[in-house]
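fold the stuff below for me.
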Amino acid sequence: MTQHIPTFLQDCTTVTADGSLVSFDELEGLYLYWCSTRSEAPLDVEVLAEALASRGVDRTLRHGVEYAEGLVLTGSVMAEFILTCDFSGVWGQPDPWDLAPAQDVATAS
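Numbers count the residues shown, from 1 in each chain. A predicted model of the protein is given here:
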């Protein structure tokens, strides 16, 4: 039943030790998008939270927002998700022609 969760995590996330934060809303949105592109039936976000906890990613609440601490969203599906879903997230509205923000993010780690 949960066999696609490890594949999603491998395709779309990287566990870090630098305190990176990803909101569970963004994580769930990416997960639902990933499932839709693969005709997978999405599972409850709690299943993701449990899988992440087993990998050392902590759940934290800051200013009323729930985050996964120690996680970065990565991979080609993440880029598709940002551009396809009119994603505004913490970076604002992306401009596919402006590569400077992408270079800043890529070189920040």
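
so where is the chain shaky, pLDDT-wise?
1-2, 86-109 (pLDDT under 70).

now for the residue nearest to residue 85 when sequence neighbours are not counted, how many residues are close by?
With C-beta to C-beta, 6 or more residues apart in numbering as the measure, residue 33 is the residue that lies nearest to residue 85, at 6.2 Å, once sequence neighbours are left out. In this view, the C-beta of every residue, glycine as well, is placed from N, C-alpha and C. When counting by other C-beta atoms under 10 Å, one arrives at 20 neighbours for residue 33.

how about the contacts made by residue 33?
Counting by C-beta atoms under 8 Å, 6 or more residues apart in numbering, residue 33 touches 77, 80-81, 84-85.

make a ChimeraX selection of whichever of those residues turn out to be buried.
Selecting the buried subset of the contacts of residue 33 in ChimeraX, with 16 or more other C-beta atoms under 10 Å as the burial test, is done by:
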select :77,81
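
in helices, which of the contacts of residue 33 appear?
Per DSSP state H, helices hold the following members of the contacts of residue 33: 77, 80-81, 84.

sorry, back to before: closest one to residue 26 out of the contacts of residue 33, please.
residue 81 (9.2 Å; C-beta to C-beta).

dump the ones in helices among the contacts of residue 33 to CSV, plus distance to residue 71.
Formatted as CSV, the ones in helices among the contacts of residue 33 follow (distance: C-beta to C-beta, whole Å):
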residue, distance to residue 71
77, 15
80, 19
81, 15
84, 21
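
which one among those residues gets closest to residue 21?
Among the ones in helices among the contacts of residue 33, residue 81 lies closest to residue 21 (C-beta to C-beta), at 17.7 Å.

ranges for the strands of the chain?
Assigned strands in the chain, in chain order: 13-15, 21-23, 58-62, 65-69, 71-73 (criterion: DSSP state E).

so how far is residue 12 from residue 37?
11 Å (C-beta to C-beta, to the nearest Å).

between these two, which contacts overlap?
residue 77.

these two: which has the busier surroundings?
In this comparison of residue 37 against residue 12, neighbours counted by other C-beta under 10 Å, the higher total goes to residue 12 at 20 against 12.
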